[in-house]
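S.K.: Here is my input, please return the structure:
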Amino acid sequence: MNSFRKLVGVFVTLILATLAIPAIAQPAKTFSFKMEQDSLLPGKVIAYITNLSIPDQGTGGTTNVGSLVITVDPTLVGLQIADPSVPNNVKLERCTGPITGTLTCASTIAGAFALSNPPNGPSQLAITSLSQPLKGQETLKVTMSVLSCGFGSKWSIPLDGSGNSRVYNSGNLSGQTFTQTNSYNQTTDVSCATLACGGTTAVSRVDQYASSVQVTRGPFNSDGACADAPRIYVDNRAAVPDDSTTAKDDDKSVSLVWPFTGNQGLAEAAFRFDFTVASPINTPRLAWKNYFNGSIDTGIPAFLAIASDPALTCGSSNGYATSLPQPDYFPRPYGTLAAAVAPGDSKIKVTTVGSPAGSVAWPTTLPANLIIEDELMIVTKITVSNGTWTVTRPHPATTTYSATTPVMYTPLHTLSAAADPVCIGYGSQSYQVGHPTAPAFTCPYSKSDLAKACQVPDGSGVMGIGDPIFSGGQL
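M.R.: Numbers count the residues shown, from 1 in each chain. Model (predicted):
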């Protein structure tokens, strides 16, 4: 009997131990999260949530994602998620493949949405009741429309009160949570619009700092060409209280960015942006470069006081009669070269034969500035009878310009040749550049540089032309 009891005891112990294993070693539930802007459509962003768990092996779907929450911090650009009940504002796709590689998104799935847009809090989108729960090694692609636009919007999967990520294995934001293990890019810029030549758009913020920036693209690039409709980005801080941030001196400012190289890159595009600033700062300033040549969303604008150099105020308007209420300062053709121009030439021949619609009359008040491709020339004399223009060339090109190259009006000037410009504004930590204890910053401009931005003479707007980083005004 004792032997029998011992055998039973061992058998029961083994049974209990075997049954206890699943309760101790639950399948790991992990995910990764990545953000990017939509490369084709302005005002849209894409979130990728990848279920990194091992695909469920008959454990009741415990490793499937059924609901989640996505949030964006509005403090940088006043961004909010658009109403998901409006068709096409939110689209869900189920994808396979690695998040860092090529995804195959073969099917659109359904879900329920709940949006929270508190006045001063983060915008949150809850996604529940997925028609096809996200299995292990699958990715949910969430394309969202957003209100407002700009640089550096910060997205995340928020945490609940217990510190757990709000990704759940049920369809109703309950049940077991998943752990975020991979940190990919969670900050993205949001383009405001695409602008073809002559196009215009109003860019507004939806937060408490509501103000509008009117952006207009010129009918020509500064080299006389016009092609593509690049994405534009506006960082509108015109109504943000001064000194609200200390890391960057960008309060009461507006920055305009467009691609300079790469996809839709337009090195010579021309834009005007108009905005109003309540209680302007004491020293209106402009910038078209950052310290360290950084990107606009991470760099620190290198401002120049507009009053410090006449080149920072646009020259006389081109005299073209437009339907706009303000004078026209956009690059427009005077004509084209009638003969090639070599690097050492001080005379050029200009013809109006074949000039495109939108060309302007030759200047009658001299000296006047013109641009051929990216070289600024100063016109000192014009012999109308034979089309000969006498020019000085502060930065002569090293190549020959061929006949028929456009000769363009420009409002731009070169910075003073007397001395290198002195940047003003904050470097970091509220220290002004040049302060004895401030970090050392090198002003990125040099004397006689071509200014790539200027304030129109009546102070109503800023021109940015052929700008490698951005055009910014702080008024």
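S.K.: For the nearest residue to Pro356 once chain neighbours are set aside, give me its contacts.
M.R.: Spatially, and ignoring its direct neighbours in sequence, Pro356 is nearest to Pro333 (6.2 Å; C-beta to C-beta, 6 or more residues apart in numbering). C-betas here are computed from N, CA, C, even on glycine. Shown in contact with Pro333 (C-beta atoms under 8 Å, 6 or more residues apart in numbering): Phe220, Gly224, Ser355, Pro356, Gly358, Ser359, Val360, Pro406, Val407, Met408, Tyr409.
S.K.: hmm, 7 Å instead?
M.R.: Phe220, Gly224, Ser355, Pro356, Ser359, Pro406, Val407, Met408 (C-beta atoms under 7 Å, 6 or more residues apart in numbering).
S.K.: Sort out which one of those lies nearest Val142 for me.
M.R.: Using C-beta to C-beta, Phe220 is the member of the contacts of Pro333 that lies nearest Val142, at 39.8 Å.
S.K.: Can you check what pLDDT the model gives that closest one?
M.R.: We have a pLDDT of 94 for Phe220.
S.K.: Let me know the secondary structure of it.
M.R.: coil (DSSP: H, G, I helix; E, B strand; the rest coil).
S.K.: do you know how far it is from Asn164?
M.R.: Per C-beta to C-beta, to the nearest Å, Phe220 is found 56 Å from Asn164.
S.K.: More neighbours: the two, which one.
M.R.: The residue with more neighbours, out of Phe220 and Asn164, is Phe220; 24 against 14, by other C-beta atoms under 10 Å.
S.K.: wait, isn't that one in contact with Tyr334?
M.R.: No - using C-beta atoms under 7 Å, Phe220 is not in contact with Tyr334, being 11.4 Å away.
S.K.: Compute the distance between the residue nearest to Pro356 and Ile372, please.
M.R.: 11 Å.
S.K.: Kindly report the same for Asn117.
M.R.: For Asn117, the distance to Ile372 - C-beta to C-beta - is 50 Å.
S.K.: More neighbours: the two, which one.
M.R.: Ile372 (22 against 17).
S.K.: now the strands: where do they sit in the stretch 101-250 of the chain?
M.R.: 104-109, 112-116, 123-128, 138-147, 150-156, 167-168, 179-183, 187-190, 193-194, 200-204, 212-217, 231-237 (DSSP state E, counting those that start in this stretch).
S.K.: tell me, what's touching Pro333 and Ile372 both at once?
M.R.: By C-beta under 7 Å, 6+ apart, Pro333 and Ile372 have these common neighbours: Val407.
S.K.: Domain map for this structure?
M.R.: Split into domains by automatic domain parsing, the chain comes to 30-190, 192-331+410-475, 333-409.
S.K.: lowest-confidence stretch among the ones you listed?
M.R.: Among those, domain 192-331+410-475 scores lowest, with a mean of 76.
S.K.: Could you tell me how many residues sit around the residue nearest to Thr216 when sequence neighbours are not counted?
M.R.: Nearest in space to Thr216, with sequence neighbours left out and distances taken as C-beta to C-beta, 6+ apart, is Thr200 at 4.2 Å. Number of residues near Thr200 (other C-beta under 10 Å) recorded here: 14.
S.K.: repeat for Thr364
M.R.: 9.
S.K.: Thr100 now?
M.R.: Neighbour number of Thr100 under other C-beta under 10 Å is 12.
S.K.: Could you report the separation of it from Asn182?
M.R.: Between Thr100 and Asn182 the distance is 9 Å, computed by C-beta to C-beta.
S.K.: ditto for Thr188
M.R.: Distance from Thr188 to Asn182, by C-beta to C-beta: 17 Å.
S.K.: so Thr194 sits right up against Tyr233, yeah?
M.R.: No - applying C-beta under 7 Å as the test, Thr194 and Tyr233 come out as separate, 11.1 Å apart.
S.K.: more crowded one of these two?
M.R.: More crowded of Thr194 and Tyr233, by other C-beta under 10 Å: Tyr233, with 26 against 18.
S.K.: Got the phi and psi for the nearest residue to the more buried one once chain neighbours are set aside?
M.R.: Spatial nearest neighbour of Tyr233, excluding adjacent residues (C-beta to C-beta, 6+ apart): Val257 at 4.3 Å. Dihedral pair for Val257: phi -130, psi 140, per degrees, to the nearest 10.
S.K.: Distance check, Val257 against Asn386.
M.R.: Taking C-beta to C-beta, one finds Val257 at 43 Å from Asn386.
S.K.: So for those two, which sits in the more crowded spot?
M.R.: Shown here are Val257 and Asn386; by other C-beta under 10 Å, Val257 has more neighbours (26 against 8).
S.K.: I'd like to know how far that one sits from Met463.
M.R.: For Val257, the distance to Met463 - C-beta to C-beta - is 15 Å.
S.K.: sorry, back to before: distance to Arg285 added to the strands of the stretch 101-250 of the chain, as CSV?
M.R.: Shown next, in CSV, are the strands of the stretch 101-250 of the chain (distance: least, C-beta to C-beta, whole Å):
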stretch, distance to Arg285
strand 104-109, 46
strand 112-116, 38
strand 123-128, 32
strand 138-147, 29
strand 150-156, 19
strand 167-168, 45
strand 179-183, 37
strand 187-190, 23
strand 193-194, 26
strand 200-204, 21
strand 212-217, 17
strand 231-237, 14
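S.K.: how near is the residue nearest to Ser448 when sequence neighbours are not counted to Asp189?
M.R.: In space, and not counting its chain neighbours, Ser448 is closest to Ala417: 4.6 Å by C-beta to C-beta, 6+ apart. Relative to Asp189, Ala417 is positioned 37 Å away (C-beta to C-beta).
S.K.: Is Pro327 in contact with Ser317, as I believe?
M.R.: Yes - at 3.6 Å, Pro327 counts as touching Ser317 under the criterion of C-beta under 7 Å.
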